[in-house]
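Enquirer: fold the following for me, if possible:
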Amino acid sequence: MSNKAPLLNVDHGAWLQALRGITRATDERTLITSGLSSGGVGNSAPVVDYDTVPAVAAALVVANMNSIPLDWAARFSVGGVNMNFFIVKQLPVLPPEAYLEESRCGGSWVELVVPRVLELTYTGHELGGFASDLGYPGDQPFPWDDARRHRLQSELDAIFSHMYRLDRSDVEWILDAPPPSSSFPSLKQNEIRQFGEYRTRRYVLEAFDQLRRGEVPDLGEGSGGGGLSPGHPRVPREDGRNGT
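Expert: Numbers count the residues shown, from 1 in each chain. Sure, this is the predicted structure:
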């Protein structure tokens with residue numbers, strides 16, 4: 001090692017994506033993936049890297065991996081507490097071309113996914129580089145609002161349910177399988193204690209039905225929903241034009 005080399009070279013616009021390598025039966029979700037500011041990462045948070053269009057690819061993968069349909073599949077694959085690489089590699093992550101297909105409400109799936117990921121991810125200046133790479137024009141992070149974040153995540157869960165071509169009965173089973181089966185018992189029990197209802201189930205099915213009717217999923221305030229904040233990024237299309 002050269003003593004003339006800088007001790008630390010920090011790129012304040014850099015970012016990482018990592019997944020949690022430890023999971024437990026009591027967790028609400030089995031597979032948890034997130035964007036991180038550039039820095040040291042331990043062995044329990046494996047880093048995901050991308051060869052091309054890293055920001056858009058990261059946004060799509062983080063949304064897919066945090067979706068309820070994929071998490072449901074992951075629960076059948078984990079036998080202990082470790083989310084090993086060989087398990088992650090076998091999970092049914094959607095291919096990139098799937099996001100370019102036309103959605104049920106017009107436009108492509110990527111145009112529905114990326115703006116929601118941006119708002120859920122860019123909640124601190126540390127990830128300003130990620131937001132900029134996605135084309136976000138603002139410099140202020142989105143406020144952390146638990147209720148709104150829940151609604152946006154539920155909209156993404158509904159979007160991915162459609163992308164996996166699930167029927168409504170499939171989504172109902174994944175969210176809340178009848179006894180003696182069990183899907184997300186910790187999530188259900190925690191929400192019943194907090195809200196008096198299994199709110200995720202209601203949100204996801206409502207957004208799923210909106211998409212099935214050809215509507216953009218938007219759980220407006222009246223139903224406990226959110227829609228997108230002003231200034232969300234315009235996602236590049238294949239033809240070079242910008243979509244909303």
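Enquirer: quickly find the element holding the closest residue to residue 203 other than its chain neighbours.
Expert: When the adjacent residues along the chain are set aside, residue 203 lies closest to residue 154, with 3.5 Å between them (CB to CB, 6 or more residues apart in numbering). In this view, the C-beta of every residue, glycine as well, is placed from N, C-alpha and C. According to DSSP states H and E, residue 154 maps onto helix 146-163.
Enquirer: now do the buried residues in whatever helix or strand comes next after that helix.
Expert: Where DSSP H and E defines the elements, the next helix or strand beyond helix 146-163 is helix 168-176. For helix 168-176, the neighbour count (16 or more other CB atoms under 10 Å) marks 171-172, 174-176 as buried.
Enquirer: over to stretch 80-92?
Expert: Neighbour counts over stretch 80-92 (16+ other CB under 10 Å) mark 83, 87-88 as buried.
Enquirer: cool, stretch 130-140 as well?
Expert: By neighbour count on 16+ other CB under 10 Å, the buried set for stretch 130-140 is 130-136.
Enquirer: so which two of these are the farthest from each other?
Expert: Across the buried residues of stretch 130-140, the longest distance by CB to CB is 11.0 Å; it joins 130 and 135.
Enquirer: count of neighbours near residue 178?
Expert: By the criterion of other CB atoms under 10 Å, residue 178 has 9 neighbours.
Enquirer: which SS class is it?
Expert: Under DSSP: H, G, I helix; E, B strand; the rest coil, residue 178 falls in the coil class.
Enquirer: likewise the one 10 residues further on?
Expert: Assigned with three-state DSSP, residue 188 falls in the helix class.
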